[in-house]
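S.K.: Got a predicted structure plus its sequence, pasted below:
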Amino acid sequence: MEKTAPEVSVVIPVYNEEESLPGLFERLLPVMEGLDRSWEVVFVNDGSRDRSLALLLDCVDKHPGAVRVVDFNGNFGQHMAIMAGFSVSRGNAIVTMDADLQNPPEEIPRLLEEMDRGHDVVGTIRSTRKDPFFRKFASKVVNRITNRITGLNLHDYGCMLRAYSRRVVDLINSCPESTTFIPALAQKFALNPSEIEVGHSERELGTSKYSLFRLIRLNFDLMTGFSLVPLQAVTMLGLVIAGLSFVFSIYMLLRRILVGPEAEGLFTLMTINFFLMGVTMFCVGIAGEYIGRIFQEIRKRPRYLVDRIYGDE
Ligand code: UDP
Ligand code: MG
């Protein structure tokens, strides 16, 4: 049975968030009910091993027809979870947010008002970002580099409290890539994007689902998934080093003729060698990132596996 589409869909990825979910329901649902727009909430359970699914199903029972749960068969990552949420969402405006209450649900009406002003993507900047210092610092550096590399212009890649128009979400749904970064993808399709400042809180319950390693992986996805600039930069670097070496070898040749044979400077030579070996490995690594991405796409495995969708009549 196909219902008429709601005006607003909220898509929330959930991975082991049993501590945060009760508070999330308590704050999010009154906001939705107070919207005077029709709404739905789509939770995506990204393979939680705690009681998250049970809590989500309880919420489905309490809000029949308005809350649905896409249950994954394993952990496929936050961005794939949002992709799955997008593919079943029906709203005219689609809002994404985290389940851990770091994004205040009370900001949703402001996002929607910004959409009403004719923007098709509303990004957010965390005005009072409450995260560990090293995360904030790393984010700043990564935001800068990413904007340079991708040619996008986002102030805060990490904040997932965002709103997208139906057109943008449909375009995202048509992208078959198996690793992605939703805010960047949306920015590519946006015709009239805007950014607003939103509040941000500390994670009070549960722990961050991103280890340092996972964060680094995610940022590689962002940088090499949206641009060929790293690959081209590596080629340039190779050219520059080859050019310098050429000049150096002419100098050495002249010395050989003018000064005679010399055998000093073994350690200098070793240092230069180690440095260049490091550079080479780095370059191979960058090329490898792209090859890995090609490998992933070429296998054509499903990006995620849905076990069941709860809440659909
Ligand atoms: N998340 C997910 N799958 C994952 C990792 C995270 O669905 O593999 C969800 C998580 O439950 C939360 C959101 O993505 O709703 C953001 O995760 P988290 O708060 O741990 O990230 P951080 O705020 O530390 O960047
Ligand atoms: Mg968080």
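M.R.: Looks like it came in fine. Residues are numbered from 1 along each chain as shown. Ligands and ions are numbered 1, 2, ... in the order given.

S.K.: which residues touch G238?
M.R.: G238 makes contact with C283, according to CB atoms under 8 Å, 6 or more residues apart in numbering. No exception for glycine: its C-beta is placed from N, CA and C like everyone else's.

S.K.: secondary structure class for it?
M.R.: Of the three states, G238 takes helix according to DSSP: H, G, I helix; E, B strand; the rest coil.

S.K.: pLDDT at it, what is it?
M.R.: On the pLDDT scale, G238 is placed at 93.

S.K.: Return the nearest residue of the stretch 151-300 of the chain with respect to ligand 2.
M.R.: Evaluated by CB to the ion, the stretch 151-300 of the chain has R203 as its residue closest to ligand 2, separated by 5.0 Å.

S.K.: hang on, isn't that residue packed against Q102?
M.R.: Yes. R203 sits in contact with Q102 when judged by CB atoms under 8 Å, with a separation of 5.5 Å.

S.K.: For burial, what's the neighbour tally of P230?
M.R.: As a burial measure, P230 scores 18 neighbours (other CB atoms under 10 Å).

S.K.: Same check on V44?
M.R.: Neighbours of V44 under the rule other CB under 10 Å: 30.

S.K.: any idea how far C59 is from it?
M.R.: Using CB to CB, to the nearest Å, we find V44 at a distance of 13 Å from C59.

S.K.: Would you mind listing the residues touching both of those two?
M.R.: With contacts defined as CB under 8 Å, 6+ apart, the residues shared by V44 and C59 are V69.

S.K.: residues in the stretch 201-313 of the chain within reach of ligand 2, list them.
M.R.: Remark: no part of the stretch 201-313 of the chain is in contact with ligand 2, using CB under 5 Å from the ion.

S.K.: Mind jotting down where the strands sit in the stretch 201-313 of the chain?
M.R.: 306-310 (DSSP state E, counting those that start in this stretch).

S.K.: do the same with the stretch 51-200 of the chain
M.R.: Going by DSSP E, counting those that start in this stretch, the stretch 51-200 of the chain shows strands at 67-72, 93-96, 121-126, 162-165, 193-198.
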